[in-house]
Structures are given as structure tokens and as C-alpha cells.
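J.: Next input, structure requested:
(2 chains)
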Amino acid sequence: MEFRTRAIHVGNRRDAETGAVVRPIHLAATYVQPGAGDWGRFDYARSGNPTRKDLETTLASLDSGTDALAFSSGMAAIHCVTMLLSSGQSVLAGTDIYGGTYRLLHKIVDRAGIGVTLAPAHDLDALEAAITPQTRLLWIESPGNPLLSITDIAACAEIAHRHGLLLGVDATFATPVLTRPLELGADIVMHSATKYLGGHSDVLGGALVVADRALYDRLYFIQNATGAVMGPLESFLCSRGIKTLELRVREQSRSARQLAQFLLADDRVARVMYPGLPDHPGHEIAARQMDGGFGAMLSFEIAGDFAAAKKVVESTRLFQLAVSLGAVESLIEQPASMSHASYDPQDRRAHGVADGLIRLSVGLEAVEDLRADLLQAMDSAF
Amino acid sequence: MPPSDPASHNTTQDTSGLSTRAVHAGEDRLKLGHSITDPIFCASTYTFANSQAVLEYVEGDLPREEYGRYGNPTEKVVERKLAALDGGEEAILFSAGMTALSGLLLAKLQSGDEIVLFDECYHRTRQFCKDYLGKFGVVTHQIPACDYERMEAAISPATKLLISESPTNPHLSVVDIERFVALGRKHGVETLIDATLATPYNQRPLAAGVDYVLHSCTKYLAGHNDLLAGVVIGSSEKLEAVRKLRGVAGLINGPHNAYLLLRGLKTFELRMRRHNENGLALAEFLEAHPRVEKVYYPGLPSHKDHDVAKRDLAGFGGLVTFLVKDASEEETAAVVDAVRLPRIGPSLGGVESLIEQPLLMSYHDFTPAERQAAGIRDNMIRVSCGIENTEDLIADFQQALDR
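T.: The predicted model follows:
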């Protein structure tokens, strides 16, 4: 079955008892057992819940994996992966990773005696040189945030496996519609389900998908022992969102590409960062590892200062001023004053986050309306 | 542009794209708690700061909530969005499509009134009009679908409403809305179109002058086969009595459903494009298949109303009806049972494809003569195309018909 058909039908079997075309939402915290010491399929909702299990079945299929786990948030999913490591071992992560992941690695994971090293993931030699005998996990994102950097997942998998490391990929921006890292050799794919998977700005969640039952068993043990599971109502809403995932992501990606080209032609724009543009440094890799679209996130730098960028993001009428991304509503933000405000200005600029940088999460609105909105916002700032 | 001022929910003036309206229309730009999405208000009742506030409310008719049966903030958001999508001034949400219909008719008609409807209306609609409205002295005239001369001949000074679905179910007849409206105007009779199958993507009958548009939101508008809802859309003035009746009789939906409907509407434009694509592709495939006797689909040149459909509809919908050539009741059922992707069940318009044999499903209790009169053949199959990949749907029907 094709992707969109699987998104609708896998994990959504006809309910055997009632015939319901949409399976019931199981809210039960506990399950009655057939006998003492005789365990049924589900026992306690932390260990497993039918509604969550359905979602996990869908997720595994969409990412070409064997098994999946749904978490209460994207960060809980990443945290679970880091708990595969023991004191004395270390994580190597790309420099262009989500700030929340950076914080988790440097403020939580390192306290458990797990080392953390960062290296530029697009520079494969530098990445490989940063591997030490203690390294056990390589963690990358593609596309990266907010500069939309592209990492060669297959090349990273080759490096990781040559050194006996696990490769984990945060594929939140790409979604399984566009990139399926397990097919490229990754061991673990992670999604913030809050974004495109849920897709409607109304669910917080995370997901891990693997193609190896033994690895799944280790991750499942950690999830069950620590308990950051996705709730049944969230699981239902996430499953419901996934039914339109392919349509949304393809449509939003088409709009993003058109907006990228539109912005590129505006002389008040200094730089557009979108992997679908031929001059993007990762374009060639993106064209190879992204399936028929380059995603719906794009960043651009205006030829203006901090105040001008601030004025643009505060002047849109359709794009809403908010962090997060991936939903039907288009969002706009200024990383220097919002998502990356906690950085020291020098560090921020060194990281490539200029004061005039603006990040867009392109939603499902008609692209003509989005273009008109950006234009009037730019006009109000210049 | 979506309304930026909470007080200005002008649904008829919105000129932005349909998908933009599906995402934003009817919603405040800045919502309670600065949430990006509307909250689900579960409260059954709404409280007042003090007795003076109660007095001001009852004497001043201030726009605020009082008790859940009269209105709910989550429901109001979805009502505004539905009105915007259909280009109407006001929308009233009901617990089901049939509740919307019965609520509208009970509010607008009284004993001695007459209504005229095209006979391809949903059989429960016909049943409600004939059996229940009949008990209260309302007379129903059923006219063969799209026979405008006979419809006109049935109009009397007592006629209050002309009713039709468009397209109809399961024959997919397409009503010429202009002629229908012209008939009503000529005789001073209001008109109602149940546009459930067309949806505001394919047709907006209010723009053509229809007085009331009705939808079973359960179908394409909600789109996920996971809630029941109905809506009536029209001018505030004409709908005032309907809203009043809903509050008195309590024909309301609920806040959780209202939220799921609101959420479903966000992808409405996207889903409808795929439903239309799948419907047309399947209809064309079936028409070319040697085991198929006839396909009812307004997008096909062979359909009796194709010219009207081509002129008035932006797309032809996801519903496809066909006859299996030289097939008995059992042989037709075997085709239904051989299909793997669409599930066997009533209803339509959701992301999951559904299939049914009208003879066994909706028309099982009818006598053969009644079925013949309704145009329901033993070898008839109705398919509601979901949004699955077109190739998967076609391949599935190919294997089912080739057995």
C-alpha cells in the first residue's frame, strides 16, 4: 500500500467487537487480567494502551520500521534514547540541533556522567574525528533548526556503524512523508509529534521508531520504567492528524517552496535558507534524501537590523507570532528575540542566527494569501 | 484576511482563499489564554459576577453565554467557520444532519403549510416530512428529481418551502440551482438545498440565491468518520426562529464534537481535492470496466446531468454509484465482499473509503416495488471514496471485479 493509504488504514483496523470504522479511545488506567500471574495483552496503561498502540503501529509503518513508541513530548522521546547510555559513555551530536536537545544533553544527561560532544554534522570528517572510544550515540537533525541545514543521513549511518555507534535522527522537520531515516541506515528515528504528525497545534507528543526488535525492547523497558507515555486522547488526536499527514506536508512544502522563491526575488531579503533552493549548501543531499519535497520550514534574513526584523514578524496578519511549527496555521518568529534569545548575542551570531533572521512555519492557508501577507509585512517594515 | 478584531466576524465579506478560510475563518486571531487553538468549553452553565450582572444580562440581551443549551463558545467558533465556508451570514449547529433538517422544518412550518421536495432526497428526510410533519398537518409533495415543471405545478398558495439535495444520493442527480431558485422566487416560496454531497468546495448554493443550505457535517466537513453533526446556514433574520427552536428543544451538539469538527475543517479544502480526484478516477475506471453496466457520477459525460454539473460544480465529489453487469443480488454482494480497502458500511465523506449495496443497507426494508420506484437496483453498489492513494483504490476495484 502507498504511504497515504497506510497513514489511514495501518493501525486503524476495523474494531472487531462493534465494527466501528474509527477505533474507540481507551481511557482505562488498568486492565482486568485473565488470572493471577496470567497476563493479558494490556495490564497497566503506562506499559501499554490500545489507543497508543494503534498510533505506534501506524508510526512504525510510515517510517518503515518494525516498532514505535509514543511519548508525552518530543523531549521525553530524546531523553529515552539518551538513557540507553551508561555513565562513562558519551553522545556525539550535531552543532545545529534544537535548543531543547542542547539543554537536555548539557544540563540533564551530563549529570548522569554521560559525556556530550558537539561537531558540525555537515562536515563528515570533523564529525568522525570527534568520535572517541567512549562515544555510543550519534545524534543528528535534518533539516536543522533554524538554518535548515541538511545532514547526509546515509553517510552518518556509515560512519556511526563503522565505529559501533547507534545513529539517532530527529526527523521532525522532514516527517516520514519526505525522509525515512531508517531506510537510510539510521537506527532510531525521532519525531516531535507536536509538529507535523499531530499537525493541528493541539497535541504534545514525541515518537521513536526503530527497525530492530532488540533495540525496541531496550527502549520500551526505559519508557515503561520512567513513564513518559503519550496519553490516550493525545494518541487519538495524533492518529487522526496522521490521516491527512501526507496531504498536509506535501501541500505545505509546495507553498514553502513558492514563498522561498518569492522572498529570494525581493531585494529587501539578503538570504533565504530553504533546502529546495539550488544554492542551498545541502540542496544536493536534500534532493537525494527528501522524497518529492523540501519541507515547510524556511528561514530568511532581511537586509535590515534587529528592529526591522522585529517589525516584520509583528506586522503579519495571517502568520501568527509564535514558536513551535508544523501545523495548519502559519507561524512566524524572530529567532534572535524568541527561540534563540537565551544565547549570548556573540554566540548567537557565530551560530548563524543573525538579528535579521526570520523563521517561517508555512501552514495550509492558500499560498496567495500567505504571499500577500509577507509582502504587506515587509512593506510596513521598510 | 481572517478577522483580527474579535467583534468583526464578517463571514460574507471574506475574500481569502478557501483553505485560508478553512484554517482561520470564524476564529479570533488572539484567543483565550493566547492559545493558537480554540479551547473546548465544557461548561454546562455560565456564571455571573453578581446579581446586577444578571439583571443587566436579562434586561439588556448582552452577547454572552448563559446556559449550554442556548449556545457555547466552542460551538460558536465552528458555526462562524461553517458560515464563512458557505458564504452565509449565520450557521446553526445541530447534533446530526437530520436534527438540522427537522429543526429547520419544525421552526419554519406550521399546520396547513405545504412543502415540495424532489424524491431523490435521503429516505429519512422523506420519512420525516411525510410521517412526522404529516402528523402536524404539513402536506408533503414528492416530485421526481429535477422535474421542474412538475415541481412548479405542485406549488400552491400554501407552499412554504421547496427542498432538494444536490447532488442526490445515490443517483448523483445534480439540481439546476438557478432554475430551482427561480421557481421559488416566482412563487414567493423559500428554498432549501441539502448540499452535503457537494460541500462548499464544489458548490455554494447561497450565492445562487437559495435561502437555506443544510449539511450533514458528519460527512465531508468533519471528514474523519468520528463525529455526528448537522448545520443550517442562511441569513440571520431567516434563521432567528431556528436558533430559538434549537434552544427550546435542545437539539444541540456538544463541545467535544464541535472541537473535532473545527479541527476537521482545517484540512477540508485539501481533503475535498482528493475526494474529487478519487471519485473521478474511480468513476472513469469503472465505466471502462467490462463488468460494469452503468456508472452514476456527475463528472462523467454519460451522466444525465453532466452539463449542469460541469457548469455549476467545482468538482464532482467522492461518491460513485455503479451497477454490476448481469449480476444478481448475491453476485453484487460478492463484489462488495471482495473489495479490501473500502470498508462495508453506511455513511460517506470520511478519509476512509466505504462501500455498500443500497439494497442491503439503506433500502433493505423496502418492498421490491418501492425500491424500483426509488431507482434502487439489486446490482447497485455505492462507494464513498476516501483520501487514500488513487492507485490503491483502483487496484482494489480491479482485483475485486476481475475475480
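J.: So which residues of chain A form strands?
T.: Per DSSP state E, chain A carries strands over the ranges A:67-71, A:90-94, A:115-119, A:135-141, A:166-170, A:188-192, A:206-210, A:269-273, A:297-302, A:320-321, A:331-333, A:357-361.
J.: now do the stretch 201-350 of chain B
T.: Remark: strands assigned in the stretch 201-350 of chain B by DSSP state E, counting those that start in this stretch are B:212-216, B:230-234, B:292-296, B:319-324, B:343-344.
J.: possible to save those as CSV with distance to B:Ala22, mean pLDDT and mean neighbour count?
T.: Where C-beta positions appear, they are placed from N, C-alpha and C, glycine not excepted. Shown next, in CSV, are the strands of the stretch 201-350 of chain B (distance: least, CB to CB, whole Å; pLDDT from 0 to 100; neighbours: other CB atoms under 10 Å in any protein chain shown):
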stretch, distance to B:Ala22, mean pLDDT, mean neighbour count
strand B:212-216, 14, 98, 27
strand B:230-234, 15, 98, 27
strand B:292-296, 29, 98, 19
strand B:319-324, 21, 98, 25
strand B:343-344, 26, 96, 18
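J.: Can you say which of the strands of chain A is nearest to chain B?
T.: Within those, the stretch nearest chain B is strand A:320-321; the backing value is 6.6 Å (CB to the nearest CB).
J.: Counting by contacts, list what the closest one packs against.
T.: Secondary-structure packing of strand A:320-321 (3 or more CB pairs under 8 Å, 6 or more residues apart in numbering or on different chains; DSSP states H and E): strand A:331-333.
J.: quick one on the thing from earlier: export the strands of chain A to TSV and tack on mean neighbour count?
T.: Below are the strands of chain A laid out as TSV (neighbours: other CB atoms under 10 Å in any protein chain shown):
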stretch	mean neighbour count
strand A:67-71	26
strand A:90-94	24
strand A:115-119	17
strand A:135-141	24
strand A:166-170	26
strand A:188-192	28
strand A:206-210	27
strand A:269-273	19
strand A:297-302	24
strand A:320-321	17
strand A:331-333	23
strand A:357-361	26
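J.: Turn those strands into JSON lines, columns for mean pLDDT.
T.: Putting the strands of chain A into JSON lines (pLDDT from 0 to 100) gives the following:
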{"stretch": "strand A:67-71", "mean pLDDT": "98"}
{"stretch": "strand A:90-94", "mean pLDDT": "97"}
{"stretch": "strand A:115-119", "mean pLDDT": "96"}
{"stretch": "strand A:135-141", "mean pLDDT": "98"}
{"stretch": "strand A:166-170", "mean pLDDT": "98"}
{"stretch": "strand A:188-192", "mean pLDDT": "98"}
{"stretch": "strand A:206-210", "mean pLDDT": "98"}
{"stretch": "strand A:269-273", "mean pLDDT": "97"}
{"stretch": "strand A:297-302", "mean pLDDT": "97"}
{"stretch": "strand A:320-321", "mean pLDDT": "96"}
{"stretch": "strand A:331-333", "mean pLDDT": "96"}
{"stretch": "strand A:357-361", "mean pLDDT": "97"}
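J.: If you count residues, where's the longest helix of chain A?
T.: Secondary structure of chain A per DSSP state H: the longest helix is helix A:245-264.
J.: contacts for that one?
T.: If you take CB atoms under 8 Å, 6 or more residues apart in numbering or on different chains as the criterion, helix A:245-264 is touched by A:3-4, A:7, A:62, A:175-178, A:196-197, A:199, A:269, A:272, A:274, A:276-277, A:292-298, A:300, A:328, A:360, A:362-365, A:367, A:370-371, A:374, B:267, B:270-271, B:274, B:387.
J.: Specify the angle between that helix and strand A:269-273 in degrees.
T.: 150 degrees (axes from the mean of the first three to the mean of the last three CA atoms, to 10 degrees).
J.: How much space separates the residue of chain A found nearest chain B from A:Gln252?
T.: Of all residues in chain A, A:Ala366 sits closest to chain B, at 2.4 Å by CB to the nearest CB. Remark: distance between A:Ala366 and A:Gln252 (CB to CB, to the nearest Å) = 12 Å.
J.: neighbour-wise, which of these two wins?
T.: A:Gln252 (28 against 19; other CB atoms under 10 Å in any protein chain shown).
J.: who's in contact with stretch A:126-133?
T.: Here stretch A:126-133 has contacts from A:90, A:92, A:94, A:115, A:117-121, A:138, A:156, A:159, A:163, A:165, using CB under 8 Å, 6+ apart.
J.: For it, the averaged confidence score.
T.: What stretch A:126-133 shows for mean pLDDT is 97.
J.: Setting aside sequence neighbours, what's the nearest residue to the one residue sitting closest to the centre of chain A?
T.: For chain A, the residue nearest the mean C-alpha position is A:Thr172 (1.4 Å; CA atoms, centre = their mean). Distances taken as CB to CB, 6 or more residues apart in numbering or on different chains place A:Ser192 nearest to A:Thr172, at 4.5 Å, with adjacent residues excluded.
J.: for A:Ser47, what are its contacts?
T.: Here A:Ser47 is in contact with A:Asn224 (CB under 8 Å, 6+ apart).
J.: Contacts only, for the nearest residue to B:Ala249 once chain neighbours are set aside.
T.: Residue nearest to B:Ala249 in three dimensions, not counting chain neighbours: B:Gly103, with 7.1 Å by CB to CB, 6+ apart. By CB under 8 Å, 6+ apart, the residues touching B:Gly103 are B:Ile92, B:Phe94, B:Val232, B:Val242, B:Leu245, B:Arg246, B:Ala249, B:Leu251.
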